[in-house]
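**Q** sharing a model that was predicted from the sequence below.
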Amino acid sequence: MKTSPPGVLAGIVAAIALAAPALGAPANVTVRVEGTSATLVPETAVTTTTTPVLRDGHDCSGTSALGALDAVTAGA
């Protein structure tokens, strides 16, 4: 059986522990929506939130790409 050095395992555990809180954290992002022949939403800066986005009975994290799009379009 092949084993990994303890430092490798510790590094992986540390990376996961440090990355986990950042996955759901609000972020400053820039959104632009392009249609087939024109820009539908010009480049716009927005800060995502942790408030879920609810559409058609489904929800998505407010920190996701959908959350950013929802913030830019005010849910339209």
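**A** Perfect, thanks for sending it.

**Q** pairing partners for the helix or strand containing T30, with directions?
**A** Of the helices and strands defined by DSSP states H and E, T30 is found in strand 28-34. Strand pairing for strand 28-34, determined by DSSP bridges: strand 39-47 (antiparallel).

**Q** quick one: average pLDDT of the partner strand?
**A** Strand 39-47 shows a mean pLDDT of 90.

**Q** name the next helix or strand downstream of it, please.
**A** Next helix or strand after strand 39-47 toward the C-terminus (DSSP H and E): strand 53-55.

**Q** same for that next one, what does it pack against?
**A** With contacts defined as 3 or more C-beta pairs under 8 Å, 6 or more residues apart in numbering; DSSP states H and E, the packing partners of strand 53-55 are helix 65-73. C-beta: built from backbone N, CA, C; applies to glycine.

**Q** for the helix it packs on, packing partners?
**A** Counting contacts by 3+ C-beta pairs under 8 Å, 6+ apart, helix 65-73 is packed against strand 28-34, strand 39-47, strand 53-55.

**Q** could those be laid out in TSV, adding mean neighbour count and distance to S61?
**A** Shown next, in TSV, are those (neighbours: other C-beta atoms under 10 Å; distance: least, C-beta to C-beta, whole Å):
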stretch	mean neighbour count	distance to S61
strand 28-34	12	13
strand 39-47	12	14
strand 53-55	14	8
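
**Q** out of these, the one nearest A71 is which?
**A** strand 39-47 (4.5 Å; C-beta to C-beta).

**Q** what's that closest one in contact with?
**A** Applying C-beta atoms under 8 Å, 6 or more residues apart in numbering, the set of residues contacting strand 39-47 from outside is 26-34, 68, 71-73.

**Q** then it to PDB, C-alphas only?
**A** What follows is strand 39-47, C-alpha atoms only, in PDB (Å, rounded to 0.1, in the frame of the first residue of the first chain):
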ATOM      1  CA  THR A  39     -25.200  43.500 -25.300                       C
ATOM      2  CA  LEU A  40     -28.300  42.900 -23.100                       C
ATOM      3  CA  VAL A  41     -26.800  44.100 -19.800                       C
ATOM      4  CA  PRO A  42     -23.700  46.400 -20.000                       C
ATOM      5  CA  GLU A  43     -20.800  45.600 -17.700                       C
ATOM      6  CA  THR A  44     -22.000  46.300 -14.200                       C
ATOM      7  CA  ALA A  45     -20.200  45.900 -10.800                       C
ATOM      8  CA  VAL A  46     -22.300  44.300  -8.100                       C
ATOM      9  CA  THR A  47     -21.700  42.700  -4.700                       C
END
